[in-house]
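>>> Structural data only, the sequence is not supplied:
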């Protein structure tokens with residue numbers, strides 16, 4: 001809890017997909033996978049495998065910043 005209090009909680013929403021139907025709709029096929037989903041529920045980016053520093057800095061964060069503007 002201290003870590004989250006100090007650094008913030010990046011998980012503003014968690015979803016449970018007990019039967020896997022939503023996962024199949026999103027094209028999930030293995031872990032780890034990270035998705036950036038816009039306000040309309042459209043997948044805008046999918047990172048297959050671990051999130052690297054390069055992916056975070058060059059792809060994910062710039063996209064999130066752009067999506068926050070709209």
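Yep, it's here. Given the structure is predicted, the values throughout are model-derived calculations rather than measurements.
>>> Residue 47 in helix, strand or coil?
With DSSP: H, G, I helix; E, B strand; the rest coil as the basis, residue 47 sits in strand.
>>> how many neighbours does it have?
16 (other C-beta atoms under 10 Å). To be clear about C-beta, it is placed using only N, CA and C from the backbone, and glycine gets the same treatment.
>>> can you check residue 49 too?
Applying the criterion other C-beta under 10 Å, we find 11 residues in the vicinity of residue 49.
>>> residue contacts, the residue lying closest to it once chain neighbours are set aside?
In this structure, residue 49 finds its nearest non-sequential neighbour in residue 32, 6.5 Å apart by C-beta to C-beta, 6 or more residues apart in numbering. Going by C-beta atoms under 8 Å, 6 or more residues apart in numbering, residue 32 touches 49-51.
>>> same question, residue 39
Per C-beta under 8 Å, 6+ apart, neighbours of residue 39: 67, 70.
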